[in-house]
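Peer 1: Predicted coordinates and the sequence they were generated for:
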Amino acid sequence: MSPTQPLSLVIATRESRLALWQAEHVQALLRARGHSVSLLGMTTQGDQILDRSLSKVGGKGLFVKELEVALEEGRAHIAVHSLKDVPMDLPAGFALACVMEREDPRDAFVSPRYASLDALPQGAVVGTSSLRRQVLLQALRPDLRIEPLRGNLDTRLRKLDEGNYDAIVLAAAGLKRLGLQDRIRTEFATSDMLPAAGQGALGIEIRSDRQDLMEALAPLAHQESWLTVTAERAVSRSMGGSCSMPLAAHGRLVQGTLHLEAAWGDPDGRTPLVRASASAPVATLAAADALGVEIAARLRAGGARGVDPVAG
Ligand SMILES: NCc1[nH]cc(CCC(=O)O)c1CC(=O)O
């Protein structure tokens, strides 16, 4: 197969250290394939709003919108995202060109004083603004006090170091990418802290009319990761998930069989966690999606309250 022609590409990126690492990672991979690639840094609404929980002000799309405008206007060609932050349905005119090889999908326990969740004293204060982490933590340790914690990785670590929390929970992937793995005291077993759909995976977004970019980016795809996160994201889409719904979905692909687990938490705390799991042979994105849809149906059958898409 002949490689695609060398292109001159601009990557739109947020300017947090993690976003820049991710954009530079893709830049290096594309340069190695002969393309010339520059970065266009930009600040999104999600980066600016630090005083309120994102679930209250409009959710995941806030980190993505400005980057899409840059693609729309042709100021940039590709946007690199943590898939966890990408809404399930991209706006019309945009497409996911590929999903890259996944980093560690687990959550990490970070604390200056305590080695693990079990070591925390009664009533300890744990920082997280993720509703998923909140309900899973409370299921493990109802005594803990969960306090809001926002900001990029460096900000969150600084707030921990300032003594505002006994511990915080972060994605292991972000810490590892930034060389901060020494801060990880333990990684949670996925059975205890089921990760968010797409956690640890990077996705590349383009305008859907750019077939040439689709082809240029195809070599960066990692098929196993793509199948796995497609199933996870289908759970979230079928539940009408947003960051105001505590929802976890985690898949593992073992010799062609995808083992998918999901959990739903009641945002009002009235009903206990609902869990569901299933396995199926999965070789196509459509089959992965179908498994996710099935798990969502099982969650609903178990009492999870989804949000139905608004008509119109
Ligand atoms: N919500 C912010 C966010 N988006 C992606 C990551 C980590 C990297 C990843 O999951 O790929 C993080 C930080 C965190 O949750 O601790």
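Peer 2: Arrived safely, thanks for sending.
Peer 1: residue boundaries of the strands in the protein?
Peer 2: Using DSSP state E, the strands found in the chain span residues 8-14, 36-42, 78-82, 94-99, 107-110, 125-127, 145-147, 167-171, 186-187, 202-207, 247-254, 257-264, 274-281.
Peer 1: Could you export those as a markdown table, including distance to A70 and mean pLDDT?
Peer 2: Just so you know, the C-beta spots here come from the backbone N, C-alpha and C atoms, and that holds for glycine as well. Shown next, in a markdown table, are the strands of the chain (distance: least, Cβ to Cβ, whole Å; pLDDT from 0 to 100):
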| stretch | distance to A70 | mean pLDDT |
| --- | --- | --- |
| strand 8-14 | 4 | 96 |
| strand 36-42 | 6 | 96 |
| strand 78-82 | 8 | 95 |
| strand 94-99 | 12 | 96 |
| strand 107-110 | 31 | 98 |
| strand 125-127 | 32 | 98 |
| strand 145-147 | 35 | 97 |
| strand 167-171 | 25 | 98 |
| strand 186-187 | 35 | 98 |
| strand 202-207 | 11 | 97 |
| strand 247-254 | 29 | 98 |
| strand 257-264 | 34 | 98 |
| strand 274-281 | 39 | 98 |
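Peer 1: Can you add distance to the ligand and give the ones you listed back as a markdown table?
Peer 2: As requested, these are arranged in a markdown table below (distance: least, Cβ to the nearest ligand atom, whole Å):
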| stretch | distance to the ligand |
| --- | --- |
| strand 8-14 | 10 |
| strand 36-42 | 17 |
| strand 78-82 | 3 |
| strand 94-99 | 11 |
| strand 107-110 | 8 |
| strand 125-127 | 11 |
| strand 145-147 | 15 |
| strand 167-171 | 4 |
| strand 186-187 | 13 |
| strand 202-207 | 7 |
| strand 247-254 | 12 |
| strand 257-264 | 17 |
| strand 274-281 | 21 |
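Peer 1: show me the contacts for the residue minimising distance to the centre of the chain.
Peer 2: For the chain, the residue nearest the mean C-alpha position is K84 (1.6 Å; Cα atoms, centre = their mean). With contact set as Cβ atoms under 8 Å, 6 or more residues apart in numbering, K84 has these partners: 171, 196-201.
Peer 1: what do you get if the cut-off is 10 Å, keeping everything else the same?
Peer 2: 60, 63, 105, 130, 171, 173-174, 195-203, 229, 232-233, 236, 243 (Cβ atoms under 10 Å, 6 or more residues apart in numbering).
Peer 1: What distance do you get for it to the ligand?
Peer 2: Look at K84 and the ligand: by Cβ to the nearest ligand atom, to the nearest Å, they are 5 Å apart.
Peer 1: Flag the shaky bits of the stretch 201-312 of the chain, pLDDT-wise.
Peer 2: 309-312 (pLDDT under 70).
Peer 1: where along it do the helices fall?
Peer 2: Applying DSSP state H, counting those that start in this stretch to the stretch 201-312 of the chain gives helices spanning 211-217, 223-238, 285-301.
Peer 1: Contact residues of the stretch 51-200 of the chain facing the ligand?
Peer 2: 82, 84-85, 170-171, 173-174, 199-200 (Cβ under 6 Å from any ligand atom).
Peer 1: Confirm for me that T230 is in contact with A283.
Peer 2: No - counting by Cβ atoms under 10 Å, T230 sits too far from A283 to count as a contact (11.9 Å).
Peer 1: re earlier: any chance of TSV for the strands of the chain, columns mean neighbour count?
Peer 2: Output for the strands of the chain, formatted as TSV (neighbours: other Cβ atoms under 10 Å):
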stretch	mean neighbour count
strand 8-14	20
strand 36-42	15
strand 78-82	25
strand 94-99	20
strand 107-110	26
strand 125-127	20
strand 145-147	16
strand 167-171	24
strand 186-187	17
strand 202-207	23
strand 247-254	23
strand 257-264	22
strand 274-281	16
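Peer 1: For R156, which of these is the nearest?
Peer 2: Across these, R156 has its closest neighbour in strand 167-171 (6.0 Å, Cβ to Cβ).
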